[in-house]
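Chemist: Make a model of this:
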Amino acid sequence: MEDLNDTTEMNFILLGLFNHTQTHVFLFSMVLMIFFISLLGNSLMIMLIHEDPQLHTPMYFLLSQLSLMDMMLVSTIVPKMATNYLMDTRTISPAGCGTQIFLFLTLGGGECFLLAAMAYDRYVAICHPLRYPIFMNQKLCFHMTTVSWILGGVDGLMQAGTTLSFPYCHSRVINHFFCEAPSLVRLACADTTFFEFFMYVCCILMLLIPLFLILASYSLILAAVLRMKSIAAQKKAFATCSSHLAVVGLFYGAIIFIYMRPKSYHSVARDKVVSAFYTIFTPVLNPLIYSVRNKDVKGALRKWIEKHFLGHLYFQCLNKTIYFLFGKLKFTFFLLSYIVIVF
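Modeler: Predicted coordinates:
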């Protein structure tokens with residue numbers, strides 16, 4: 001019995017995102033539904049890119065890596081949160097907490113650099129279309145993807161190891177729904193000034209440098225698009241880039257809000273809501289944004305469905321259904337965001 005109590009005292013306690021009121025039960029159900037839709041959408045995206053030869057291009061290879069990172073990111077956070085909520089157990093071991101920090105920072109940091117690589121891909125495709133096969137070859141794509149994973153992994157390993165090295169002698173209660181480095185460091189009973197400075201430097205390297213590359217790429221793209229004489233070409237370029245910018249805006253905006261604000265401006269309740277955006281909501285939006293507005297992906301989905309399930313006559317109905325569900329999901333997303341912020 002004493003060993004059990006000692007073990008419990010060593011664990012951290014996650015207060016979670018929801019309580020057991022009717023409103024929060026509904027919100028939890030919505031989050032669980034979004035989790036399964038995210039897994040389905042991202043796995044379907046990876047499968048289509050792997051199966052369809054027309055999607056064997058650098059852009060879709062990078063997109064498949066983004067879907068893989070999103071699947072892993074949401075799987076790192078939601079299952080533990082759901083288990084704690086359903087079983088009414090809030091504990092997480094130091095090893096589990098360190099694993100969450102490591103995986104989250106690895107995937108989040110990797111996604112930052114991957115989005116920068118995707119911005120460079122769009123820049124080359126629009127500004128240098130004739131040289132695209134040279135500038136964006138398979139070897140370069142593989143190298144950019146590998147570097148994204150490695151940089152994210154190094155950042156995650158350093159921050160997870162350092163965070164868990166601090167003594168936590170006063171409180172082990174984390175007012176969050178997963179182990180995130182800033183929330184955990186607040187509980188340390190040691191001087192964390194140097195680590196907070198180190199974490200800020202990491203944020204500059206992992207967030208602001210890729211963001212600068214993205215903004216530079218899209219500034220050059222915008223200048224090139226405005227010089228185009230064809231209205232159709234302008235619309236196509238804007239449609240392709242607006243999807244990417246929507247993902248970048250949601251992902252970077254939320255992460256910078258959490259990691260790069262002064263300590264005095266932090267609000268625990270607000271931080272949990274903002275964290276939910278880039279850990280739960282963004283992974284489900286990526287496959288929807290890139291598929292519903294992308295003719296190549298819709299064409300690959302059509303061929304796959306025709307081959308395995310339906311005939312040509314049924315696909316038009318299915319296509320309309322996808323648009324209808326996407327519209328409803330967008331409405332649900334904004335409604336859910338409003339309810340979470342209010343309650």
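
Chemist: Distance from stretch 241-257 to the middle of the chain?
Modeler: Stretch 241-257 has its C-alpha centroid displaced from the chain centroid by 10 Å (Cα atoms, centre = their mean, to the nearest Å).

Chemist: Just to check, Ile256 is in contact with Leu207?
Modeler: Yes: with contact defined as Cβ atoms under 8 Å, Ile256 counts as touching Leu207 (5.9 Å). Quick note: C-beta positions are derived from backbone N, CA and C, even for glycine.

Chemist: who has more neighbours, the two?
Modeler: Leu207 (19 against 14; other Cβ atoms under 10 Å).

Chemist: ok, the more buried one to Phe277 distance?
Modeler: To Phe277, Leu207 is 15 Å away according to Cβ to Cβ, to the nearest Å.

Chemist: Ala237 sits in which helix or strand?
Modeler: helix 231-259 (DSSP states H and E).

Chemist: For that helix, the averaged confidence score.
Modeler: Average pLDDT, helix 231-259: 75.

Chemist: Quick check: Asp52 touching Arg302?
Modeler: No: under the criterion of Cβ under 8 Å, Asp52 makes no contact with Arg302, lying 10.3 Å away.

Chemist: burial count for the nearest residue in space to Arg131 that is not next to it in sequence?
Modeler: Excluding the flanking residues, the one nearest Arg131 by Cβ to Cβ, 6 or more residues apart in numbering is Val124, at 7.1 Å. Counted with other Cβ under 10 Å, the neighbours of Val124 add up to 20.

Chemist: Surely Val124 touches Ile134?
Modeler: No: with contacts counted by Cβ under 8 Å, Val124 stays clear of Ile134, the gap being 9.1 Å.

Chemist: Can you pull the residues that touch both of the two?
Modeler: Common contact partners of Val124 and Ile134 (Cβ atoms under 8 Å, 6 or more residues apart in numbering): none.

Chemist: in the stretch 201-343 of the chain, which spans are helices?
Modeler: For the stretch 201-343 of the chain, the helices defined by DSSP state H, counting those that start in this stretch occupy 209-226, 231-259, 268-276, 282-292, 295-308, 312-342.

Chemist: what mean pLDDT does the last one have?
Modeler: What it means is helix 312-342. Regarding helix 312-342, the rounded mean pLDDT is 53.

Chemist: For the chain, which residues score under the pLDDT cut-off?
Modeler: 1-9, 240, 260-268, 291-293, 309-343 (pLDDT under 70).

Chemist: Which strands or helices does the longest helix seen in it pack on?
Modeler: Longest helix in the chain, counting residues (DSSP state H): helix 94-127. Counting contacts by 3 or more Cβ pairs under 8 Å, 6 or more residues apart in numbering; DSSP states H and E, helix 94-127 packs against helix 58-87, helix 132-135, helix 138-165, helix 181-185, helix 209-226, helix 231-259.

Chemist: mind listing what's buried in it?
Modeler: For helix 94-127, a neighbour-count test (16 or more other Cβ atoms under 10 Å) marks 97-127 as buried.

Chemist: how far does it sit from the chain's center?
Modeler: What separates the centre of helix 94-127 from the centre of its chain is 8 Å, taken as Cα atoms, centre = their mean.

Chemist: quick one, that helix and helix 58-87 angle?
Modeler: Counting by axes from the mean of the first three to the mean of the last three Cα atoms, to 10 degrees, helix 94-127 lies at 150 degrees to helix 58-87.

Chemist: Next, the angle from helix 94-127 to helix 282-292.
Modeler: If you take the same axes, to 10 degrees, helix 94-127 sits at 30 degrees to helix 282-292.

Chemist: quick check: angle from helix 94-127 to helix 231-259?
Modeler: For helix 94-127 against helix 231-259, the angle by the same axes, to 10 degrees is 160 degrees.

Chemist: Which element, helix or strand, includes Ala188?
Modeler: Using DSSP H and E, Ala188 maps to neither a helix nor a strand.

Chemist: That one contacts Phe166, correct?
Modeler: Yes: here Ala188 lies in contact with Phe166, judged by Cβ under 8 Å, at a distance of 3.8 Å.

Chemist: returning to what we had before: which strands and helices sit next to the helix holding Ala237?
Modeler: When contacts are defined as 3+ Cβ pairs under 8 Å, 6+ apart, helix 231-259 sits against helix 94-127, helix 193-203, helix 209-226, helix 268-276, helix 282-292.

Chemist: Dump those to TSV, plus distance to Ile150.
Modeler: Putting the helices and strands packed on helix 231-259 into TSV (distance: least, Cβ to Cβ, whole Å) gives the following:
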stretch	distance to Ile150
helix 94-127	8
helix 193-203	14
helix 209-226	14
helix 268-276	25
helix 282-292	22
